[in-house]
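Enquirer: coordinates only, sequence not included:
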């Protein structure tokens, strides 16, 4: 079933920042909470590693969100009766790059798209892709190529496309660089979150102390 909508997901929180030039930061801020929340159901104590790997991978897939369409962060093809939208993709044929029109899975929310993305990863490499992603291992990226997730080219920091690296080592190194960029954008986010938790903890302790004093005074 074709989806009626075929447009960039302009409702992505922080999308204006993407257009303004802060693509990596805006993409991480807009998607991190969703990737992390759903990763907890998939990877348990390794949820953070899975989420940062997933954000890095989907950043490559979508050019840090600029190419995020219809809430499909993994650019996953539609299958069967799944709702879809059409978009031009590229593949390597011999020594040349060939454009073709493909049907991609369509979702109504980022949460639905991320859920489907994690489910899809679990099927690649007999589950090995999800395992490597949960370890934060850059070898995750070469494995995806080896098992057919992608076969064309990668995006470097969401600006220009380039032929994919020829070796697994080059792919892993490229992915490690993107992971590093995600980590750099996460650092201030997580620092603020720790500050908020510490503040709320202090407030809670203060409230308990005040309650204890009140009860003592009431005796």
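Expert: Received the coordinates, thanks. Just so we're clear, the structure is a prediction, and the values are computed from it rather than from any experiment. Numbers count the residues shown, from 1 in each chain.
Enquirer: residue ranges of the helices in this structure, please?
Expert: Assigned by DSSP state H, the helices in the chain fall at 15-20, 23-43, 47-62, 110-121, 128-135, 140-146, 168-218.
Enquirer: give the buried residues for the fourth one.
Expert: Of the residues in helix 110-121, those buried under the neighbour-count criterion (16 or more other C-beta atoms under 10 Å) are 110, 113-118, 120-121. No exception for glycine: its C-beta is placed from N, CA and C like everyone else's.
Enquirer: now stretch 126-133: buried residues?
Expert: Neighbour-count burial for stretch 126-133 [16+ other C-beta under 10 Å]: 128-133.
Enquirer: so, low pLDDT: which residues of this protein?
Expert: 1-21, 91-97, 151-166, 195-219 (pLDDT under 70).
Enquirer: on that earlier part again, which of the helices of the chain is buried the deepest?
Expert: Across the helices of the chain, the average number of neighbours (mean count of other C-beta atoms under 10 Å) peaks for helix 47-62, which reaches a mean of 24.
Enquirer: and that one, what does it pack against?
Expert: If contacts are counted by 3 or more C-beta pairs under 8 Å, 6 or more residues apart in numbering; DSSP states H and E, helix 47-62 sits against helix 23-43, helix 110-121, helix 128-135, helix 140-146, strand 153-156, helix 168-218.
Enquirer: turn these into CSV, columns for distance to residue 103.
Expert: As requested, the helices and strands packed on helix 47-62 are exported to CSV (distance: least, C-beta to C-beta, whole Å):
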stretch, distance to residue 103
helix 23-43, 23
helix 110-121, 14
helix 128-135, 22
helix 140-146, 20
strand 153-156, 20
helix 168-218, 26
